[in-house]
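Asker: Fold the following for me, if possible:
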Amino acid sequence: MRFSRHVSMFIAAIVLAQFACAADKDAAKPTTKPASGAAAAADGSAPLRRLPGLEGWHVTGNGNWTYKDGIIEGKQGADVKSYTHVVSDKSYKNFKATLMFKCVAGNSGFYFRASPQPGDKMVGIQSEIDAEKNVGGLYESYGRNWLNLPSAERVKEYFKPQEWNEMTVEGHGQHVVVHINGKKAGEIDNMNIRTEGPFALQMHGGQDVNVLFKDIKLEELP
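Answerer: Got it, this is the predicted structure:
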């Protein structure tokens, strides 16, 4: 009986050692990460749609976006009811974003600290872009709607329809300010806003839309 006990203990020790070696080998295996150029969706479900030549951004929804000669262009008809976005791969907290835009037709927007959802849904605050009105206002999609809406008279002071316009959006915590062509267009100081997330360019669904973007500069601030 004593001899059998010693044999059993010896065999158990060998089995435990084998399990330990197997665990060490598994722990040593490298973790596979998708290459940035062929990046997969965050949940690993499918590759992200890219615009050839445009690094650091991907497309959500089924919109007709193109990138050529440094210009991102979105174009779709009123028969397309879904929204679509070009979304930055990276998320930002405090930031300064500068871009040039030209809205030929319809409605668009520049989201900051957004929360992309499945399909064509983008939750968060955008600085309004439009061919005619409300440009530079701050609108919360799937939330409180208008947080800051400039008057038509104010918009005429800084917005140039059918031309290239410069937009600057700067966010420090709960405080966000929008300038259009160097003039303040919108401002919020609100504790109930998201403080981190990606940027996104929007094409509005159910409208004839043609919008162009270029010279996008994104800067992280302390």
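Asker: Check whether Ser127 really touches Thr168, as I assumed.
Answerer: No: assessed by C-beta atoms under 8 Å, Ser127 is found out of contact with Thr168, at 9.5 Å. From N, CA and C alone the C-beta is placed, and that goes for glycine too.
Asker: Tell me which of these two has more neighbours.
Answerer: Ser127 (26 against 18; other C-beta atoms under 10 Å).
Asker: Strand partners (parallel or antiparallel) of the stretch of helix or strand the more buried one belongs to?
Answerer: Under the criterion of DSSP states H and E, Ser127 resides in strand 122-130. Strand pairing for strand 122-130, using DSSP bridges, gives strand 107-116 (antiparallel), strand 138-141 (antiparallel).
Asker: rewinding a little: mutual contacts of Ser127 and Thr168, please.
Answerer: Val178 (C-beta atoms under 8 Å, 6 or more residues apart in numbering).
Asker: Please identify the buried residues of the strand holding Ser127?
Answerer: By 16 or more other C-beta atoms under 10 Å, the buried positions in strand 122-130 come out as Met122, Gly124, Ile125, Gln126, Ser127, Glu128, Ile129, Asp130.
Asker: Give me the distance between the two termini of stretch 92-112.
Answerer: Chord length of stretch 92-112, first to last residue, is 8 Å (C-alpha to C-alpha, to the nearest Å).
Asker: so where do the strands sit in this structure?
Answerer: 57-60, 65-68, 71-76, 84-92, 95-105, 107-116, 122-130, 138-141, 145-148, 165-172, 175-180, 183-189, 197-203, 209-220 (DSSP state E).
Asker: right, so of those, which gets closest to Glu157?
Answerer: strand 183-189 (6.4 Å; C-beta to C-beta).
Asker: what's the average pLDDT for the closest one?
Answerer: For strand 183-189, mean pLDDT rounds to 98.
Asker: cool, stretch 100-117 as well?
Answerer: 98.
Asker: and what of stretch 70-89?
Answerer: Stretch 70-89 comes out at a mean pLDDT of 97.
Asker: Can you verify my assumption that Ala200 contacts Ser88?
Answerer: Yes: the criterion here is C-beta under 8 Å, and Ala200 meets it with Ser88 at 7.1 Å.
Asker: low-scoring stretches of the chain, by residue?
Answerer: 1-46 (pLDDT under 70).
Asker: same thing but at 90, please
Answerer: 1-48, 62-63, 118-120, 191 (pLDDT under 90).
Asker: What residues sit buried inside stretch 126-145?
Answerer: 126-131, 134-141.
Asker: would TSV of the strands of the chain with distance to Leu51 be doable?
Answerer: Putting those into TSV (distance: least, C-beta to C-beta, whole Å) gives the following:
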stretch	distance to Leu51
strand 57-60	7
strand 65-68	4
strand 71-76	7
strand 84-92	7
strand 95-105	16
strand 107-116	16
strand 122-130	17
strand 138-141	23
strand 145-148	30
strand 165-172	20
strand 175-180	25
strand 183-189	28
strand 197-203	11
strand 209-220	11
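Asker: of all those, which lies closest to Arg154?
Answerer: Arg154 lies closest to strand 183-189 among those, at 7.5 Å (C-beta to C-beta).
Asker: which helices and strands sit right next to that closest one?
Answerer: strand 122-130, strand 138-141, strand 145-148, helix 152-158, strand 175-180 (3 or more C-beta pairs under 8 Å, 6 or more residues apart in numbering; DSSP states H and E).
Asker: Can you give the contact residues for that strand?
Answerer: By C-beta under 8 Å, 6+ apart, strand 183-189 touches 125, 127-128, 135-138, 147-148, 150, 154-155, 157-158, 174-179.
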